[in-house]
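>>> based on what follows, work out the 3D shape:
(2 chains)
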2 protein chains.
Amino acid sequence: MTRPVRAVIYGVGEMGSLLTRLLLEKQVEIVGAIARSPAKVGRDLGAVAGLGRQLDVAVTDDAEALLGACEADLAVVAVGSYLETMAPHFRLCLAHGLNVLTLEEEVFYPWRRAPEQAAELDQLARANGVTLAASGVQDVCWALAPAALMGTARRIDRVRGRSTWRGDEFGPAVADYLHLGWEPDEALAELAGMTDGMTSQTSLETLAAFAGVTPIGQEVRTEVMVATTDLHSERLGLTIPAGRVRGFAEVVSMTTAEGIGLELEMAGFIHAPDESPVNHWWIDGEPDQFVGSEDFDGRLLTCTTLVNRVPDVLAAPAGLVTVDRLPLPRYRPGPLLIDP
Amino acid sequence: MTRPVRAVIYGVGEMGSLLTRLLLEKQVEIVGAIARSPAKVGRDLGAVAGLGRQLDVAVTDDAEALLGACEADLAVVAVGSYLETMAPHFRLCLAHGLNVLTLEEEVFYPWRRAPEQAAELDQLARANGVTLAASGVQDVCWALAPAALMGTARRIDRVRGRSTWRGDEFGPAVADYLHLGWEPDEALAELAGMTDGMTSQTSLETLAAFAGVTPIGQEVRTEVMVATTDLHSERLGLTIPAGRVRGFAEVVSMTTAEGIGLELEMAGFIHAPDESPVNHWWIDGEPDQFVGSEDFDGRLLTCTTLVNRVPDVLAAPAGLVTVDRLPLPRYRPGPLLIDP
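Coordinates of the predicted model:
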């Protein structure tokens, strides 16, 4: 006897709202929603997520009470990007016996960046018989797909990715982070200290895990991107004058024990009208290979890939499970069901 | 105690010669070579494969005697494309206790096209404790990679591939098959009867197996490609006049139980100087996705992917094993070793 998967939406920002919509499409039953903002708490999730209909799920800021009372299979967590911020939220879900599926980038592959925290969360998940896993655009597009392409190579010197994203699609906090409109020199000074290449690093480490190669060192480089003409963002309601910062690129270059270089450049910026986000990968070797996507919607692909991962996470062994240990992700044409 | 893998080269044509070179690069020990042509039999494999050096392996046409006497881990079989022709060769290897890795296209996924023959070979392989598997360009580039991309989708209406190949790179037999230089009407009449979309069909069926969808029907369409200017092939030493056939495209369209269409067009033709072979894939759905490679060298990728699959085949369970049941293919930077 199967029934629809029951989920708690943990974090109702831009991404949590989109995830809510996509999960409902797959007939997931939303049994609770958690947010901090007083502007959201107490309102119906349907309204907060902009669905235009009532879901009869009141957004609460009392995660402890909700997780203790609800009977959910998993929490879909979309709150922040770093494990330090996120670990308390993960702990709360795991301790209440909920599986966790998150788009949080650091837990996507935390074993080298935060091994102690990873081990602690792994232990907590095992102790509660549940799984902690992360997915998103990096799952297939920056890890599995290039790793599979490596499996066709005669010789590999370097694997290089370049992925770009619209700097105005992830809300105002991310737009601030990009230092839009700053003087290039000032932004570079700030950014060089702020960026640590976390998302690229964890993506490349997942790619390495899929491909069976061992990272042994890395460098992170930051480059600011400067507007050559005035650029307007409708979404943010701002114009970046020519000569000012329109975003930046973070480049992580890794060496591996096998002598293969791994590199991922992620560039977030306000796009000119004739530009579109791309996801390009090169294998420098024999043969030289290139595979690329244009009009690349990383934001949507993060949410759609994560939704397709729900059954994998529910079926995974207990513990912190990175995607290289999950089956090939599958498109889920029908409702997401569970056999309890 | 590991030692280098020992292989028999079964078929020393264009592909078998390239495979010989690539296997030697990975320090595989070639312990025998089989060919039919009197021009090859009795000569050293190094000379026949054009390696410019002696391998001290005499090419023989007595497969039975060689396979009975040699102590190889596997036979790398590159003789023909259809299971009907190839089954006797596979049987001979399996009966002598050799694993078989082949680029033969029909055995790549024979369960729908030739279920009885597949079952018989599966049984024979199991009885002898060895594996029969096929790999090639279709493994990753036409099956695994598009299937992984499907795992990122919110909705899929259709998955479409288009792969093109240089009609003069696979030897004179394939060039004849393309009806180069024929009148378009005459070629179309011949080709429509000759082509059954086998390679595309078995690739799409593998893609479907990776993606967990079930093909329920298919159509095959053939289109001739006509030269718009005179086209010269250096390799074949011929010129195709404008207005004559320069190759053809075979399009296989499948329906699935899940309502997703699968389509693969394979076009082999003499390329104009400004053309290069491509491998393009589209997902029509939400989001629409495209991922493409240019300068696509399917011939080389068939051989390099197959070589990377050697350890997977040696580690696979006994029986006929299609690639959807093997691990993610990996690049093999070092020598191919076995722990006997």
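
>>> contacting residues for A:Asp61?
A:Asp61 makes contacts with A:34-36, A:41, as judged by CB atoms under 8 Å, 6 or more residues apart in numbering or on different chains. Any C-beta I mention is one placed from the backbone N, CA and C, and that applies to glycine too.

>>> how near is it to A:Arg21?
Distance of A:Asp61 to A:Arg21, given as CB to CB, to the nearest Å: 22 Å.

>>> and A:Asn308, by the same measure?
Taking CB to CB, one finds A:Asn308 at 15 Å from A:Arg21.

>>> ok, now A:Leu103?
Using CB to CB, A:Leu103 is found at 15 Å from A:Arg21.

>>> those two: which has the busier surroundings?
Neighbour count, other CB atoms under 10 Å in any protein chain shown: between A:Leu103 and A:Arg21, A:Leu103 has more, with 25 against 15.

>>> quick one: the more buried one and A:Thr302 touch, right?
Yes - counting by CB atoms under 8 Å, A:Leu103 does reach A:Thr302; the two are 5.4 Å apart.

>>> put the alpha carbons of the worst-scoring helix or strand of chain A on mean pLDDT into CSV.
Least confident helix or strand of chain A, by mean pLDDT, DSSP states H and E, is helix A:172-177 with a mean of 83. Taking Å, rounded to 0.1, in the frame of the first residue of the first chain, the C-alpha atoms of helix A:172-177 are listed here in CSV:
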residue,chain,number,x,y,z
PRO,A,172,18.4,40.4,-2.9
ALA,A,173,20.8,38.7,-0.5
VAL,A,174,22.7,37.1,-3.3
ALA,A,175,22.5,40.3,-5.3
ASP,A,176,24.2,42.1,-2.4
TYR,A,177,26.8,39.4,-2.3
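
>>> quick one: buried residues of it?
Buried positions in helix A:172-177, judged by neighbour count with 16 or more other CB atoms under 10 Å in any protein chain shown: A:174-175, A:177.

>>> nearest to chain B among those residues?
Distance to chain B, by CB to the nearest CB, is smallest for A:Val174 among these, at 20.2 Å.

>>> from chain B, how far off is A:Gly11?
Separation of A:Gly11 from chain B (CB to the nearest CB, to the nearest Å): 20 Å.

>>> apologies, that question was intended for A:Val220.
The spacing between A:Val220 and chain B, counted by CB to the nearest CB, is 25 Å.

>>> strands of the stretch 151-300 of chain A, residue ranges please.
Assigned by DSSP state E, counting those that start in this stretch, the strands in the stretch 151-300 of chain A fall at A:155-166, A:215-226, A:231-233, A:238-240, A:245-256, A:261-269, A:279-286, A:289-293.

>>> would you turn the ones you listed into a markdown table with mean pLDDT and distance to B:Ala242?
Shown next, in a markdown table, are those (pLDDT from 0 to 100; distance: least, CB to CB, whole Å):
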| stretch | mean pLDDT | distance to B:Ala242 |
| --- | --- | --- |
| strand A:155-166 | 96 | 40 |
| strand A:215-226 | 95 | 48 |
| strand A:231-233 | 95 | 48 |
| strand A:238-240 | 94 | 52 |
| strand A:245-256 | 96 | 48 |
| strand A:261-269 | 96 | 45 |
| strand A:279-286 | 97 | 36 |
| strand A:289-293 | 94 | 32 |
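
>>> adding mean neighbour count, write the ones you listed out as JSON lines.
Listed next are the strands of the stretch 151-300 of chain A as JSON lines, based on neighbours: other CB atoms under 10 Å in any protein chain shown:
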{"stretch": "strand A:155-166", "mean neighbour count": "20"}
{"stretch": "strand A:215-226", "mean neighbour count": "16"}
{"stretch": "strand A:231-233", "mean neighbour count": "18"}
{"stretch": "strand A:238-240", "mean neighbour count": "17"}
{"stretch": "strand A:245-256", "mean neighbour count": "22"}
{"stretch": "strand A:261-269", "mean neighbour count": "22"}
{"stretch": "strand A:279-286", "mean neighbour count": "20"}
{"stretch": "strand A:289-293", "mean neighbour count": "20"}
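
>>> now these as a markdown table including distance to B:Leu191?
Putting those into a markdown table (distance: least, CB to CB, whole Å) gives the following:
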| stretch | distance to B:Leu191 |
| --- | --- |
| strand A:155-166 | 38 |
| strand A:215-226 | 50 |
| strand A:231-233 | 53 |
| strand A:238-240 | 57 |
| strand A:245-256 | 47 |
| strand A:261-269 | 45 |
| strand A:279-286 | 34 |
| strand A:289-293 | 30 |
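
>>> give me the below-cutoff pLDDT ranges for the stretch 51-200 of chain A.
Within the stretch 51-200 of chain A, no stretch has pLDDT under 70.
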